[in-house]
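Chemist: What follows is a predicted structure for the sequence shown.
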Amino acid sequence: MSGRWLPLLLVVTATGSASLGAQSSQFGVRGFGLPMRPISVRASGTGGGFSLFDSESAVNPASVAQVGRLTAGFQTVQVWSRSESPLGTATIRANRYPGVIVTGPIGGTPLSLAISVSGYTDRNFSLASRDTIELREVPVEVLDTITSLGGISDFRLAIAYRKSPRLQAGLGFHLLTGSNRITSHRVFTDTLYAGASERSTISYQALGISAGVTGRPIRFLTLAGTLRADGRLKVERDTSRVTSTRLPVTVAAGARVELSSRLHFAGGAQFRNWSVADSGLVDLGGVGSVNTTEWSAGLEFLPNPSRPARRPMRIGFYRAGVPFEVLRGTRITETGISAGSSLEFGGGRVRMDFSLSRVWRDGGPDYSERATMLQLGVSIAPPGLR
Amino acid sequence: MKGGRDLGSWLGALVLAAAACQEQLAMPSRCPDLCPGEGLLIRDTVLLPAAGRDSTFTGYIAAGEVSALLVSNGLPAGDARAWAIFPDRPDSIFVVGVRYAYTVDSAAMVIQLEARDTAVRGVYLVMHRIPLELDTTTTLEALDAFLTPESVVDSVQIPDSLRSGDFRLRLSPEALSRLEPDETDSTRFAVGFRISAPVPTGVRLGSNLTGAPLYSTFVRVPATDTALIRQTITITADGSNFAIAHPPLTDPDLLFLGGRSGSRTLLRFNLPQFIKDSATIIRATLELVPSQPLIGLLNDPSELQVRAVLVDFGAKSPAFAGAAGTAILESGSGDTVRVEVRGPVATWLGPGGLTPSLLLGLAPEGGTFSRPEFFSTRSPGGGAGAARLRITYAVASRPGFP
């Protein structure tokens, strides 16, 4: 690895994938939280339809082979959401930093490298409940709050081989790590009783590997596929091993069609057998997990095909299952539409992507959520580095 | 134009970044059905003091450092008289740098009332001239022997409306002559105080610690400036104390508080290890059962103070000053006394927790008629009425499982 990568690597490892302390979703309470989509802002603008072909998305390691120069990318997302449950509604505003990536070719070789950090799951929530318990033979009203901060991040090292403009392949090595800082607080309406809190940290660690391929059998059609297998997830509470549970295998495939030099279409499907974690989660006292499928498709219009980052227009949609049900047997689905564009500066060395998404999550007739997400990504190619 | 668009884009990004604030709101939920685990588990237990290790110790107040002067007339809580010794009054005074001999016009005694039974009216404070042969060992009988009708200097009715504060005893010329310093007593003089009232009652007067009696003499000096002729000489009692005869304890095995020299009670508990290690105290209540209606002066409550101890040295256990539980003790009440002691009990927990003991004291210590008596573990009935410590505590439920 050349020394010029070092500063950017430090940025990646220091920044990580962070989620500021805020509730993300009521559907992130169960299991390991709400699964996150490790896609870039520009892929998000197409609903994720282009994610298998996007070098800044941590989906298909083969896509890294497209990188022509060293680039560092960073993204942030602002979420406004409204959750509804039988007990009421909550309006939530949150900010996350879901991804950082550094990609670049390895000089003099047909290889490219990418190091990225993205969110795997997001488990930020704060639940409040009210109850009445009997203390000293007298009913006393109690208010409970359980708060979780954190999630699991996916550190990926990907290497891709560009065999030809028509065929690329890649391999990714994943380290899943993260924690949930759990705080439970109970207060009493009778002021003779003092409130009490407990805190614990649930930490996670697992390794994974992914492989992908991108091929262009004919001029206007590109196909991609990826397979990812994650090992057993070690779960610890504070410093004590609680359990280890299996993580799913991910299979994804997609196609990109150049309808014209200015208009591209891409779509894909992804399957994850999250049910392999079901028994482990149930053993921990959880509800369990179910397999999920995701479909996505999007269009990208390039006003200037020679400068694709100069104010393109992107639209897309997706529909995905959420693996961790709130109640057993109540499937949760997530549907989103999105639009986005890009701007470039500094002679094309700085690119700013943004996308606006509207997401609907439904978990049966009683649980729903509406969210608007504004994502902003910045990619920088330092001058003098290739 | 292009530059303007770029600038606008950057400004837009800044606006977005500025708007990207965060807040955390709790989602209403129904636990445990929809929560990843339960809230904290709440439990309740009652601890009794270690058998035979609940003790009362006395002698915390130095004999000369009482916080009030107690005076009463046959009060069941204790018959008490007080006395004060005044230093020399100068035979001349300086006025604007000139020394003058003076002529006494009149005098007054200013006394601070700390507390009284406000329901009793017509209480008189009677002042006697007594010999100087008094000290902290003077007994009530010895003091009473000096308080004869012949030694009366004067008396004053304590205003019925006065709950606390200063009141003044103006001395008539005849009374004044009785207070003239005796050359054989090295010009110092002593007075004794008793009260007269239609029913047995008592008052608490200021002591040298809280506001000793003052003796003000209003004099004339032969100054040429008429504005300087009238002067006041005020001297403060440099010694004061009281003698009291408490009723005897009804049972030597009882725990008690109060008394002239101060009494404290140490309760030692055996705290279960799992509470010490893992619990959070959310409420702790100490319950004390009086052996009889609380002894004291009606309408003059005292304060029961309960503290943890830093280390158990028996009578010399140093109290932990950080947290105290308090309860007001009303004289005449026979109800169980309950004191919230979560703060002191919380200091017992954890690896550096204090010894599980509670030190009970009374405020004002050494200056109150109150002398509550409580059952101990040695009391008849196998200590059935002994102190009880009721602890409500929380233990971790470890919520948040995936």
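Modeler: Done, it's in.
Chemist: buried stuff in whichever strand or helix holds residue A:156?
Modeler: Using DSSP states H and E, residue A:156 falls within strand A:138-164. Residues of strand A:138-164 classed as buried: A:140, A:142-156, A:158-162 (neighbour count, 16 or more other CB atoms under 10 Å in any protein chain shown). No exception for glycine: its C-beta is placed from N, CA and C like everyone else's.
Chemist: can you give me the mean pLDDT across it?
Modeler: Average pLDDT, strand A:138-164: 94.
Chemist: Quick check, residue A:37 in contact with residue A:49.
Modeler: No. Applying CB atoms under 8 Å, one finds residue A:37 not in contact with residue A:49, separated by 11.7 Å.
Chemist: Between the two, tell me which one has more neighbours.
Modeler: residue A:49 (32 against 24; other CB atoms under 10 Å in any protein chain shown).
Chemist: sorry, back to before: listing partners with orientation, what would you give for the strand holding residue A:156?
Modeler: strand A:111-122 (antiparallel), strand A:125-135 (antiparallel), strand A:167-188 (antiparallel) (DSSP bridges).
Chemist: how about those in JSON lines, adding mean neighbour count and mean pLDDT?
Modeler: Output for the strands paired with strand A:138-164, formatted as JSON lines (neighbours: other CB atoms under 10 Å in any protein chain shown; pLDDT from 0 to 100):
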{"stretch": "strand A:111-122", "mean neighbour count": "24", "mean pLDDT": "94"}
{"stretch": "strand A:125-135", "mean neighbour count": "18", "mean pLDDT": "88"}
{"stretch": "strand A:167-188", "mean neighbour count": "21", "mean pLDDT": "95"}
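Chemist: Ramachandran coordinates for the closest residue to residue B:310 other than its chain neighbours?
Modeler: Nearest non-adjacent residue to residue B:310, counting by CB to CB, 6 or more residues apart in numbering or on different chains: residue B:318, 4.7 Å away. Backbone torsions for residue B:318, taken as degrees, to the nearest 10, come to phi -80, psi 130.
Chemist: so what's residue B:318 scoring on pLDDT?
Modeler: 93.
Chemist: which residues touch it?
Modeler: Residues in contact with residue B:318 (CB atoms under 8 Å, 6 or more residues apart in numbering or on different chains) are B:309, B:310, B:311.
Chemist: So which of these is the closest to residue A:302?
Modeler: Relative to residue A:302, the closest of the contacts of residue B:318 is residue B:310; by CB to CB it sits at 77.0 Å.
Chemist: picking that back up, so which of the contacts of residue B:318 wins on neighbours?
Modeler: residue B:309 (23 neighbours).
Chemist: thought that residue was touching residue B:353?
Modeler: No. With contact taken as CB under 8 Å, residue B:309 and residue B:353 are classed as non-touching, separated by 11.9 Å.
Chemist: show me what contacts residue A:196?
Modeler: A:185, A:186, B:40, B:280, B:282, B:394.
Chemist: After the longest strand seen in chain B, which helix or strand is next?
Modeler: In chain B, assigned by DSSP state E, the strand with the most residues is strand B:103-116. Sequence-wise, the next helix or strand downstream of strand B:103-116 (DSSP H and E) is strand B:124-130.
Chemist: Parallel or antiparallel, which strands does that next one pair with?
Modeler: By DSSP bridges, strand B:124-130 pairs with strand B:152-157 (antiparallel), strand B:189-196 (antiparallel).
Chemist: Can you name the element that comes right after the longest one?
Modeler: In other words, strand B:189-196. strand B:202-205.
Chemist: partner strands of that next one, parallel or antiparallel?
Modeler: strand B:69-72 (antiparallel), strand B:103-116 (antiparallel).
Chemist: now the ones you listed in CSV, with mean neighbour count and mean pLDDT?
Modeler: Shown next, in CSV, are the strands paired with strand B:202-205 (neighbours: other CB under 10 Å; pLDDT from 0 to 100):
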stretch, mean neighbour count, mean pLDDT
strand B:69-72, 28, 96
strand B:103-116, 19, 93
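Chemist: Does the nearest residue to residue B:230 once chain neighbours are set aside have any beta-bridge partners, and if so which?
Modeler: Computed as CB to CB, 6+ apart, the closest residue to residue B:230 that is not its neighbour in sequence is residue B:220, at 6.2 Å. Note on residue B:220: beta-bridge partners by DSSP bridges are residue B:103, residue B:230.
Chemist: is the residue lying closest to residue A:73 once chain neighbours are set aside in a bridge, and if so with what?
Modeler: Nearest non-adjacent residue to residue A:73, counting by CB to CB, 6+ apart: residue A:379, 4.1 Å away. Beta-bridge partners of residue A:379, counted by DSSP bridges, are residue A:73, residue A:351.
Chemist: Am I right that residue B:158 is in contact with residue B:117?
Modeler: No. With contact defined as CB under 8 Å, residue B:158 does not count as touching residue B:117 (10.9 Å).
Chemist: List the buried residues in the strand or helix carrying residue B:283.
Modeler: Element membership for residue B:283 (DSSP H and E) is strand B:279-288. Going by neighbour count (16+ other CB under 10 Å), the buried part of strand B:279-288 is B:279, B:280, B:281, B:282, B:283, B:284, B:285, B:286, B:287, B:288.
Chemist: Columns distance to chain A and pLDDT on top of these, output as JSON lines?
Modeler: Formatted as JSON lines, the buried residues of strand B:279-288 follow (distance: CB to the nearest CB, whole Å; pLDDT from 0 to 100):
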{"residue": "B:279", "distance to chain A": "9", "pLDDT": "93"}
{"residue": "B:280", "distance to chain A": "4", "pLDDT": "94"}
{"residue": "B:281", "distance to chain A": "7", "pLDDT": "95"}
{"residue": "B:282", "distance to chain A": "5", "pLDDT": "95"}
{"residue": "B:283", "distance to chain A": "5", "pLDDT": "96"}
{"residue": "B:284", "distance to chain A": "10", "pLDDT": "97"}
{"residue": "B:285", "distance to chain A": "8", "pLDDT": "97"}
{"residue": "B:286", "distance to chain A": "13", "pLDDT": "97"}
{"residue": "B:287", "distance to chain A": "11", "pLDDT": "97"}
{"residue": "B:288", "distance to chain A": "17", "pLDDT": "96"}
